[in-house]
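> sequence and computational prediction follow.
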Amino acid sequence: NTALSYDVMGINYFSSFYDQRVDDFRTELGLCDISENVKFTGSDSRLALDALTAGKYFVIKDREKSRVPYGYEYAYSTDEGYQVWVNEDVLPIAFVTGNVIGRSTYEGLTMVQKQAALLQGAVVEDSQTRSYRPVDPVQDEVIPEYAVETIGKGIAYEDGKVVVTDAGASLKLTFEGVGDAETYVTFDNLWYEPFSHSELKALKKGKDPSAGALTLKQKLRDLWSSPNEAASISIKGAGVSKSFSFTMPWSARYGGKHDWVANLGYTAEPLKELTLSFGATGTYTFDVMRVECQPVASVVSNVAALRAGAEVLDVDMGVNSLDITMEVRGDESQLAVLTIPYSNGWRASVDGKSVDILATDTAFMSVPLEGAGQHHISLTYRTVGVVIGAPISALSLGICLASRIRKGRTKKSEQLAASLSRQES
């Protein structure tokens, strides 16, 4: 676990205890850093998500400057060849909003629109919106139409399908982008089917791979040729390159993910074209492939509005506990959103009174606040099942010890009886 090993609070993770809600959050936003379900590495340099998750510091190797999101300023370099960048305007670990977005509204958005919505209100279940101010998120994302052109040989394209017979073959997308924006390429329901050895050989000769029966030699060759466990797509534009790989059900690393978003980063000038290269031969299918442009001005504005709702005065992190003191502005009923993974083991109190915790924004949690002024939020965590499990474990241990003692006494009694028997004889 990177954050633990470096003694920092981070958004990189590796563990078999990967929280399911965090995985759901990342899956619904199409984060494409890795397809497996046991680790993640950051938020794909997306300004909205780094701001939401309190990503104040951005650390990269010197040669990776192009990955720095909009709004981060260079702070210093380390002797090990790393650069540290800082954004003072991200959200704190707790922020306040009276706006709520119903789950059904949220699920009707594209993946890029969802991340914009997360900065406009707290996403809760539809039944929980009545106590607050339900809103429909304002969307200023631009989804331009694009033209597709194949580059060279070894690739064919039709709507929803790309057939690749030469690994690394490419497509060019031409479109009218938007300046001062992050540009994304998104895939809905992306699947990959590799070619067998005989299929690829037939296609390269311009033949129909389904025509005619295979010889025994061809069948054996196909049988012994392992299919690709993963495929990759590399996207280039304006000097920026972004690659991601994904697995299919026959791979041990398959995580059930088929919706992906690749961030090409911020550009001041509009992007006009992108090149997509496909790393493995086979057939790639998808329901929708989009180019989406998200202006950064609205992201910055929404973050500023959330920051204005309250000031975090103090944060005290203990062992399995968290205490936050906030100065809240606004008299209406609001939610304090905490970008800490939700779990049934958390218990919360506000100003000394126990309150219910709402699962919020899929991965995180929130607690209700009433009225303006200073509020103290206290969170404590206890692993679910400990209260019941501890006495059961103690009882089991007691039974084992009693059994061991009884066996020892029985053995001693048998030895004593044998000794007396020998003396009598």
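Cool, the structure landed. Computed from a predicted model, the values in this text were never measured in an experiment.

> shaky segments in the stretch 251-400 of the chain?
Low-confidence segments of the stretch 251-400 of the chain (pLDDT under 70): 385-394.

> for the stretch 251-400 of the chain, what spans make up the helices?
For the stretch 251-400 of the chain, applying DSSP state H, counting those that start in this stretch gives helices covering 296-307, 386-424.

> packing partners of the first one?
Spelled out, it's helix 296-307. Counting contacts by 3 or more CB pairs under 8 Å, 6 or more residues apart in numbering; DSSP states H and E, helix 296-307 packs against helix 47-52, strand 94-97, helix 111-117. For the C-beta atoms, the positions are set from N, CA and C on the backbone; glycine is no exception.

> give the buried residues for stretch 368-387.
The neighbour-count check on stretch 368-387 (16 or more other CB atoms under 10 Å) flags 368-369, 375, 377-379 as buried.

> could you redo those as a markdown table and give each row distance to Ala167?
Rendered in a markdown table, the data for the buried residues of stretch 368-387 read as follows (distance: CB to CB, whole Å):
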| residue | distance to Ala167 |
| --- | --- |
| Pro368 | 55 |
| Leu369 | 55 |
| His375 | 58 |
| Ile377 | 53 |
| Ser378 | 56 |
| Leu379 | 50 |
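
> inside strands: which ones of the residues you listed?
368-369, 375, 377-379 (DSSP state E).

> which one of the residues you listed is nearest Lys236?
Leu379 (44.5 Å; CB to CB).

> and Tyr106, how far from Val178?
Look at Tyr106 and Val178: by CB to CB, to the nearest Å, they are 24 Å apart.

> picking up where we left off before, just the buried residues of stretch 368-387 now: which is nearest Asn37?
Leu379 (26.4 Å).

> surely that closest one and Gly318 touch.
No. Look at Leu379 against Gly318 with CB atoms under 8 Å: they stay out of range, at 9.7 Å.

> centre of the chain to stretch 108-120, how far?
Chain-centre distance of stretch 108-120: 14 Å, with CA atoms, centre = their mean, to the nearest Å.

> is it true that Ser225 touches Ser196?
Yes. Checked against CB under 8 Å, the pair Ser225 and Ser196 is within contact range at 6.6 Å.

> more neighbours, those two?
Ser196 (18 against 13; other CB atoms under 10 Å).

> the helix or strand that contains Val59 pairs with which strands?
Using DSSP states H and E, Val59 sits within strand 57-61. Sheet partners assigned to strand 57-61 using DSSP bridges are listed as strand 82-86 (antiparallel).

> so what's Ala54 closest to, chain neighbours aside?
Ile93 (5.1 Å; CB to CB, 6 or more residues apart in numbering).

> state the number of residues packed around that neighbour.
Ile93: 16 neighbours (other CB under 10 Å).

> also Ser396?
As a burial measure, Ser396 scores 10 neighbours (other CB under 10 Å).

> same question, the one 4 residues further on
Burial of Cys400, expressed as a neighbour count using other CB under 10 Å, amounts to 10.

> assign Glu64 to helix, strand or coil.
Here Glu64 is recorded as helix under DSSP: H, G, I helix; E, B strand; the rest coil.

> re the thing from before, closest to Glu64 out of the buried residues of stretch 368-387?
Sorting the buried residues of stretch 368-387 by how near they are to Glu64, with CB to CB, puts Leu379 at the top with 35.5 Å.

> show me what contacts that closest one?
321-324, 338, 340, 346-348 (CB atoms under 8 Å, 6 or more residues apart in numbering).

> so what pairs up with it in the strands?
Leu322, Ala348.

> can you tell me how far it is from Val96?
For Leu379, the distance to Val96 - CB to CB - is 16 Å.

> hmm, back to that, mutual contacts of Ser225 and Ser196, please.
With the criterion set as CB under 8 Å, 6+ apart, the contacts of Ser225 and Ser196 do not overlap.

> and the helices in the stretch 51-200 of the chain?
Under DSSP H, counting those that start in this stretch, the stretch 51-200 of the chain gives helices at 103-107, 111-117, 197-204.

> out of the ones you listed, which one sits most buried?
helix 111-117 (a mean of 22; mean count of other CB atoms under 10 Å).

> list the residues that contact the residue nearest to Ala54.
Taking CB under 8 Å, 6+ apart, we find Ile93 in contact with 54, 312, 315, 324, 338-340.

> now swap in Val337 and tell me
Contacts of Val337 (CB under 8 Å, 6+ apart): 94-97, 122, 360-361, 364-366.

> now the strands: where do they sit in the stretch 1-150 of the chain?
For the stretch 1-150 of the chain, the strands defined by DSSP state E, counting those that start in this stretch occupy 12-14, 39-41, 57-61, 73-77, 82-86, 94-97, 99-102, 122-124, 133-134, 146-151.
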